[in-house]
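Undergrad: A structural model of the following input is requested.
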Amino acid sequence: MQPAPGYDRSDLPGGLEWEREQEWAEIGIPIGEGHQAQLKAVAERVGIPLPF
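TA: Have a look, this model is predicted:
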């Protein structure tokens, strides 16, 4: 496919999600500080360790 004018590439539906899946399989899924704090609170409440 040719990219639309002004763009350097074109993607099919699901292309961005596939790229993210590949990247996150290598580096892990990024979790923001707010979500980390919530996960930590729940983990402490139920007594399980966190991997981060």
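
Undergrad: Please state the offset of the one helix or strand residue 26 maps to from the chain centre?
TA: For residue 26, the host element (DSSP states H and E) is helix 15-27. Counting by C-alpha atoms, centre = their mean, to the nearest Å, helix 15-27 is centred 8 Å from the centre of its parent chain.

Undergrad: ok, now stretch 45-52?
TA: How far stretch 45-52 lies from its chain's middle: 21 Å, per C-alpha atoms, centre = their mean.

Undergrad: so for that stretch, what's the average pLDDT?
TA: Taken as a whole, stretch 45-52 has an average pLDDT of 92.

Undergrad: For that stretch, what is the spacing between the initial and final residues?
TA: Terminal residues of stretch 45-52 lie 17 Å apart, using C-alpha to C-alpha, to the nearest Å.

Undergrad: Outside of it itself, list whatever touches it.
TA: Under the criterion C-beta atoms under 8 Å, 6 or more residues apart in numbering, residues 31, 36, 39-40, 43 lie in contact with stretch 45-52. In this view, the C-beta of every residue, glycine as well, is placed from N, C-alpha and C.

Undergrad: Just the buried ones among those residues, please.
TA: By neighbour count, with 16 or more other C-beta atoms under 10 Å, the contacts of stretch 45-52 hold no buried member.

Undergrad: Show me the residues you listed that map onto strands.
TA: Using DSSP state E, no member of these sits in strands.

Undergrad: quick one, helices of this structure?
TA: 15-27, 33-46 (DSSP state H).
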